[in-house]
Structure formats: structure tokens, C-alpha cells
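Asks: here are the coordinates; sequence isn't available:
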């Protein structure tokens, strides 16, 4: 079931991202707008587009979540492999996404300090010597 959903979600996401489907969506809205005078811009006329877009948006959220989650997991695995394979890299950073928010905040602060000290040393090395 899970594999079937993944395949369906991926194919649907690929299809929905196509120029043809976008053109159909734009055409549908133009057609809906064109029928406005025929239906007197009634509440039912408005309800048709509101309901349709709500249902489509609701379903698209699940497709997007599935494909983005899958892409994120794949990217994390690739990054983990790069960290693992680089000599001198901190292997403790592998699976970083599983750390608590507090631990991530501590690492972010550590990297911010490293970046600031790196920026200071670059500035010092690039400044012309004083006369």
C-alpha cells in the first residue's frame, strides 16, 4: 500500500507540475469567469469554484508533503554519506536532523561563532598594512 501511494503521489506530482495541467487550470478559471454573466454571478456559481479549488488544494497538500518528505530524506542521506566519506569531518553530524531543537540551537550558535571568527580573520588578512 505504501509503495503504491508513493508511486501515485510521485506520478501525480510530476503531472501536476506540467505546463499542460497549468494550462487546463487557467482555462478552467477563464471558463468559470466567462459563465458568470450567464449565472448572474450567483452564490452557486461562486460555490462551484470555491469548492473545486478547496478540494484540489486539500489533495495537493498531501502530494506535496509526500514528495517533499521523500526528497528531504534522500538529501539527508546524501549529506550523511558525504560527511561519512570526508576525512576530518565530524561524523557526529550524521543524522543531525534527529537531534532535539535545543541541541540544534547549540550547534547553530557554535557555527555562528565559527563563521564570525572566520569573517574577522578574513577581514584582518585583507586589510592593507597600516603605515
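Replies: Everything's here; your move. Note that the coordinates shown come from a computational prediction; the quantities given were computed from them, not determined experimentally. Residues are numbered from 1 along each chain as shown.

Asks: and residue 6, how many neighbours?
Replies: 13 (other Cβ atoms under 10 Å). Any C-beta I mention is one placed from the backbone N, CA and C, and that applies to glycine too.

Asks: what's the spacing between it and residue 66?
Replies: 7 Å (Cβ to Cβ, to the nearest Å).

Asks: do residue 82 as well
Replies: 25 Å.

Asks: Would you mind telling me which of those two has the busier surroundings?
Replies: Legend: neighbour count by other Cβ under 10 Å for residue 82 and residue 66, higher for residue 66 (17 against 11).

Asks: Now the more buried one: closest residue in space that isn't a chain neighbour?
Replies: Leaving out its chain neighbours, the residue that sits closest to residue 66 by Cβ to Cβ, 6 or more residues apart in numbering is residue 9, at 4.1 Å.

Asks: And the one you found, which helix or strand is it part of?
Replies: Per DSSP states H and E, residue 9 falls inside helix 2-16.

Asks: Which positions within that helix qualify as buried?
Replies: Within helix 2-16, the residues that count as buried by 16 or more other Cβ atoms under 10 Å are 9, 12, 13, 16.

Asks: Now for the last one: which residues touch it?
Replies: To tie it back to what came earlier, the one meant is residue 16. For residue 16, the contact set (Cβ atoms under 8 Å, 6 or more residues apart in numbering) comprises 60, 63.

Asks: What of the first one?
Replies: Residues in contact with residue 9, defined by Cβ under 8 Å, 6+ apart, are 62, 63, 66, 67.

Asks: Just the buried subset of those residues, written out for ChimeraX, thanks.
Replies: Entered in ChimeraX, the line below selects the buried ones among the contacts of residue 9, by 16+ other Cβ under 10 Å:
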select :63,66,67
